[in-house]
Each structure stands twice: as C-alpha cells, then as structure tokens.
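Undergrad: Coordinates only, no sequence provided:
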Ligand code: NAP
C-alpha cells in the first residue's frame, strides 16, 4: 500500500548558473527523475568561466582527459592540455547529449533568493519570480573580474580590457601590447602574443614559480584508439601517473617544509635556471616565496615568450596609466596601443552580489562578513535546502574542479534525498558542526603552503587560506556520506 508518507515528494529545484557545475547538476537531477528543475543562467550561453574567458592562449592546465565528467569521456581532445574553446564545446555537447537545454532559462540573472514559509523565493533582474524547495548554487569561483587599482586607468587612449572580457575587435598583430598581471592568465596571454606584437611588455609585480609541462597534440592514431577502445579511454581519464601527481602535490602543499614541496620547488627552479639565459632577467623572474604559495603556474612556453626579442619584462612598478601607455616608477612611459588587465578575480563573491537571505531574515552578507565559509563547503546553517558546488573552503588548486563538483554532488544528492523521501522537509548543517569545521579548518589552513607568506586569491580578508586544508583522500571520505549528527532536520 502506498501512503502519502511513502510517495516521494515532488520537489522543485532551482540551479544557479549553467557552467560546469550547473550542467552537472542538471544532468544528475534529470537522471534521478526530478521533473521540476530550472537552471537560471545570466548569460545567453552555457559554459561559465569557459564562456567568459576567450583570451588568446586560453588553455586548461589540467590534462584534457582528466578535465571531463567521469561519465562523459571525450576521445576527441586534440592536445594533452585542452584549449579553452574545446572545453567550451565539450560542455555545450554535454548539454545537448543529456538534453538538459529545456531546463535552462538563459539571460535570467537571479538578484535575490530568500527563504520564507519553507520555500526559497527567487527574483530575477528581468522581473521574473520563482519558488523552489531546493536551491543549488553553482555560480563558480572566479567570475567577477578584479580591476587593478591603478591611477589613470580610464585615461588610456588605446584599447584596454580585462582578460575575461576580451575585445576580439581589437587588432593585435604588429601592435604595442601591455599585459598587467602574471598569474595563470597573464602567462598564457604573454605566451600566445609574444611574436605577434611589435612589442609586448609584461608588467610583473611579483615573480611567479613556473612548473614545466609539455603540451603535445594527440595524433590521429591516438584519437582513433580512444574512440574505438572504451577501456583505453577510461584509463586515460584515470591516468595513474596524473592521479599520483595530484595526490603528491595536494599532500605536499599541506606542509611547506615537506620534502615533496622542496622537490616541486627544485623542479621549478631548475626550469627557470635552464630556460632563461640572462642572469639579470633570471633574477627578476625568481620568486621570493615558497613554490605553490600562489597557485602554481604550468607553462610549456612562458620563459621562451618572455625572452622573445619583441618582449620585455617590466618590474619597476606601475606609477600610473596615461593616455599613451603605462608609466613606471622609474619615470619611463611604456607606450602602448593595447593594455590587457590580467588582474584576476574577486574570489570571495561566489553567488553574490545576489541578495541571499536565509531563515528568519538572516542575510548571507552578514553571515559572510568576516569570511565566506560553509560546512564542508556545501551547506550553511540557517540556509535550509541550499547547497553549493565549488563553494567556499572547498579544495582548489592544480587539479580538476569537475572531480570536486562530482564528489560534492554525490554528497548533496543524499541530503536532497532526505527531503524527497519525506524524512524531513528542511535540512541544513548545524551551527555546532559549522563552528567545529571552521575552527579546525582555519587552524589547518594557516599551516599550509598557501599561508606561508605570499598574497594570492586563495587568501581571505584576514589573510587565511580559504581552501580545504587537508588531503584529497580526507575530502573523498568526508563526501562519501553526510554525518547525520552534523545536520539539523526539520519536519
Ligand atoms: P591571479 O592569479 O589572481 O593573478 C592576478 C595578477 O594580477 C597577479 O600577477 C597580480 O600581481 C596582478 N595584479 C593585480 N592587481 C595589480 C596591480 N594593481 N598592479 C600590478 N599587478 C596587479 O589571476 P589570473 O591569472 O586570472 O588567475 C586566476 C585563477 O584562474 C588561477 O589561479 C587559476 O585558478 C585560474 N586559471 C586557470 C587556468 C588554467 O589553465 N586552468 C588559466 C587561467 C586562470 P600580484 O601577484 O603581485 O598580486
């Protein structure tokens, strides 16, 4: 006999964002039989960071076959490291193949999300309103450009834009180009444009460690083998050397004095010493902090690019931007036609500036006033049935965030199931679980290499790394199943 208690609840689910994690949510919800799902996407296309970043040289520095959904291998990757446009095309294909496009409402930016009377009430910029029982925030980490605070930026007479807002109408060949910033983005742009510009000036405030990597193209024979042999393709996705390297790397960053981190430092130092001939340039490129304190940069060609006859490394410090270019503190004007701001992102925003309000009118902005955090990076006390993928304090670093999102999804799915199967109508982390997690996390994070004395987007407003500070293995164990004692369940 079926009673209303045994019939699963029909839940309405709203997903915020149709990037990698939002697409994953849509596929998983569809496969689990959820029929009332809407993914709100502020732009006109899926893809998130891969839609927004189109700069020359854009490449994912995680190996192609590891940067895939576990359930959707791709035999057609053209290179060891995938070009950005291929990653974008991969996500667009997944949307088509799993038929989740009908779920997506494009050009709908959520501006408010408030929990009232047991449901989430959403307001879109367009004026559209919606309600949901469950909300999945899949808004990404690096999507609000951070503009450099440099005097006179607006006075530049040439073309200037942020790396994530590339203006493809601007001619680059034979131009005088300046690039501010040498994170993963600035390094890739420099590497792509050296030789195309009549002169390219790389403005470096802080030197970066560069880890060597090869980026070979897959041959037609290799791709044919991937297509015809699913076992081989699966093995590529779970390539043992790569997985072992990720484990070695993620363990190494936990201890700035570990032999493993010293080994990584030795490889990066060797890369610099063997790649850069001029001792003066080499000295300028040598960082004065521990390797991997900032996100480690993998590049096959940056050192070659910066030594190009029509390239210059500028380390004098920027005084201001003027109509004609960038003036450095030594008084020199670096005349430019194009100025690229590869100055990074506001990594502490997550779903903000959206106004998220939990139970009893509690504002997310107030809860996160000191630092954004969430229990195990997925749930916030006072915000029932609200779950995050790649939320604050999750693992970030030189590995695939797709794998992290999939693990988080498997965990969140179990919490949603509690509501669906009527074991409760609201579920959220308890304040005690959140406090214990935060206290332990902050203490551990301070001792990682991320907290060893450099500035980076990993650090929160108080200088504490905002990252998962334990091993990947511990994360996997934590994501295996929710500890019910750490969750408050309301009837
Ligand atoms: P980022 O790592 O935050 O680097 C920003 C750069 O801008 C830094 O070099 C910073 O200098 C510089 N900068 C900022 N304000 C400045 C100012 N006022 N004057 C001079 N320099 C200034 O940003 P990103 O390179 O865009 O990379 C962000 C993250 O995106 C990466 O860490 C990575 O996680 C991801 N990403 C990944 C890939 C990939 O291949 N998977 C590619 C690109 C990006 P300081 O170091 O001195 O602060």
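TA: It's in. The structure presented is a predicted model; accordingly, all values stated were derived computationally and were not measured.
Undergrad: which ones are touching residue 80?
TA: By Cβ atoms under 8 Å, 6 or more residues apart in numbering, the contact list for residue 80 reads 63, 64, 214, 215, 216, 217, 218. Bear in mind the C-beta positions are built from the backbone N, C-alpha and C, glycine included.
Undergrad: swap the cut-off to 10 Å and go again
TA: Applying Cβ atoms under 10 Å, 6 or more residues apart in numbering, we find residue 80 in contact with 59, 63, 64, 65, 213, 214, 215, 216, 217, 218, 300.
Undergrad: so how far is residue 146 from the residue in the stretch 351-491 of the chain positioned nearest to the ligand?
TA: Closest to the ligand within the stretch 351-491 of the chain is residue 457: 4.4 Å, counting by Cβ to the nearest ligand atom. Relative to residue 146, residue 457 is positioned 8 Å away (Cβ to Cβ, to the nearest Å).
Undergrad: Find the least confident helix or strand in this protein, judged by mean pLDDT.
TA: helix 240-252 (a mean of 86; mean pLDDT, DSSP states H and E).
Undergrad: Can you identify the element that follows it toward the C-terminus?
TA: helix 259-275 (DSSP states H and E).
Undergrad: which helices and strands does that next one pack with?
TA: strand 210-212, helix 240-252, helix 279-285, helix 302-306 (3 or more Cβ pairs under 10 Å, 6 or more residues apart in numbering; DSSP states H and E).
Undergrad: So what does residue 162 have for phi and psi?
TA: Backbone geometry at residue 162, expressed as degrees, to the nearest 10, gives phi -80, psi 150.
Undergrad: give the contact list for the residue nearest to it when sequence neighbours are not counted.
TA: Using Cβ to Cβ, 6 or more residues apart in numbering and skipping the chain neighbours, the partner closest in space to residue 162 is residue 145 (4.3 Å). Listed by Cβ under 10 Å, 6+ apart, the contact partners of residue 145 are 52, 161, 162, 163, 164, 165, 341, 343, 344, 345, 346.
Undergrad: Can you give the strand pairings for the helix or strand encompassing the second one, parallel or anti for each?
TA: Yep, that's residue 161 we're talking about. Element membership of residue 161 [criterion: DSSP H and E] is strand 159-162. Sheet pairing of strand 159-162 (DSSP bridges) gives strand 338-341 (parallel).
Undergrad: could you check whether the partner strand is close to the ligand?
TA: No. Applying Cβ under 6 Å from any ligand atom, one finds strand 338-341 separated from the ligand by no less than 7.9 Å.
Undergrad: Packing partners of the very next helix or strand once past that strand?
TA: Once strand 338-341 ends, the next helix or strand along the chain (criterion: DSSP H and E) is strand 355-357. Using 3+ Cβ pairs under 10 Å, 6+ apart, the elements in contact with strand 355-357 are strand 110-116, strand 119-124, helix 364-367.
Undergrad: do that again at 7 Å, thanks
TA: The contact analysis (3 or more Cβ pairs under 7 Å, 6 or more residues apart in numbering; DSSP states H and E) places strand 355-357 against strand 110-116.
Undergrad: could you give the angle of the strand it packs on to strand 119-124?
TA: 160 degrees (axes from the mean of the first three to the mean of the last three Cα atoms, to 10 degrees).
Undergrad: Residue of the stretch 251-400 of the chain nearest the ligand, please.
TA: For the stretch 251-400 of the chain, Cβ to the nearest ligand atom, closest residue to the ligand: residue 344, 2.6 Å.
Undergrad: Contact partners for residue 335?
TA: 176, 324, 325 (Cβ atoms under 7 Å, 6 or more residues apart in numbering).
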